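Student: Starting from these lines, generate the structure:
(one chain, ligands or ions: 1)
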Amino acid sequence: VKAPPRLYYSPGACSLAPHIALAEIGKPYELELVDAKGGRKTDTPEWRAVNPKGRVPALTGVAGSIGGAAGLLTEAHAILFYLARTHPESGLWPSRPEDEARAVEWMNWLSATVHGMCYGQIWRPQRYVEDPALFPAVRAKGMSNLRREYAYIESLLADGREWAIASGYSVVDIYLLVFWLWGRSVGLAMEADFPHWTALSRQVSARPAARLVFEAEGVEPI
Ligand SMILES: N[C@@H](CCC(=O)N[C@@H](CS)C(=O)NCC(=O)O)C(=O)O
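Tutor: The predicted model follows:
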């Protein structure tokens, strides 16, 4: 019998998305806490021996290797894809190629531009410049980049669609919920300025899976 997958996570981090996907799927899984806000335990030799990237999320039990623990899968996008794709009954991954391509399009952009660039600048300015005196300027630029990308997300969701991609509820909506929560945590007026995105995020967060995970990670519900 195959051991249940273990998700390495930090409360409220992007690992929240695969955590909700696991809860949606409803099969047994294990959790291992890597860090509670601050990023210290992610950048230790112990954790890098497991995940050389020094980040969360990571999922066990997937054939292959990225140079750390055998069978470890990293990248929120890849983990969401894998979980949804291996549990077609969950309906979390679309089946038509054009919908699949849209899901990849959303998740790649959210991961690289919104997370990697904007939140990297806001939360990890030391990745961009050495001089701490310049951190406030990097953070400010990150916030203005974020506002532009968030306005763009809102404009896409304002066309009357119920979910991010045409085929219905998917891992993309779960991923979008994480970015909604992060917007709230950096002080954006999410309800007032992003009403369509807020409606979508409320639909996700009202589901039993998200409620369970909010409770488990101590995330304030929407
Ligand atoms: N590209 C990766 C980024 C993962 C990432 O940056 N995770 C954050 C939490 S949201 C993290 O582990 N930060 C700790 C650190 O950078 O030390 C993904 O999408 O999974």
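Student: Which residues of this structure lie near the ligand?
Tutor: Contacts of the chain with the ligand, taken as CB under 6 Å from any ligand atom, map to 10, 13-14, 39, 42-43, 54-57, 75-77, 111, 115. Heads up, the C-betas are built off the backbone N, CA and C, glycines and all.
Student: Give me the lowest-pLDDT entry from those residues.
Tutor: pLDDT across these is lowest for Gly39, at 55.
Student: Now do the same contact list for the residue of the chain most remote from its centre.
Tutor: Distance from the C-alpha centroid of the chain peaks at Ala133, with 30.0 Å (CA atoms, centre = their mean). By CB atoms under 8 Å, 6 or more residues apart in numbering, the contact list for Ala133 is empty.
Student: I'd like the distance between it and Pro125.
Tutor: Plainly put, Ala133 is 11 Å away from Pro125 if you go by CB to CB, to the nearest Å.
Student: what's the answer for Phe81, then?
Tutor: 30 Å.
Student: Equivalent analysis for Gly168, please.
Tutor: 38 Å.
Student: neighbour count winner among the two?
Tutor: Using other CB atoms under 10 Å as the criterion, Gly168 and Pro125 rank with Pro125 on top: 20 against 13.
Student: my read: the more buried one touches Lys141, true?
Tutor: No. Between Pro125 and Lys141 there is no contact under CB atoms under 8 Å: 9.2 Å.
Student: The lowest-mean-pLDDT helix or strand in the chain: how far from the chain's middle?
Tutor: The helix or strand of the chain with the lowest confidence, counting by mean pLDDT, DSSP states H and E, is helix 45-50 at a mean of 93. Put simply, helix 45-50 sits 22 Å off its chain's centre (CA atoms, centre = their mean, to the nearest Å).
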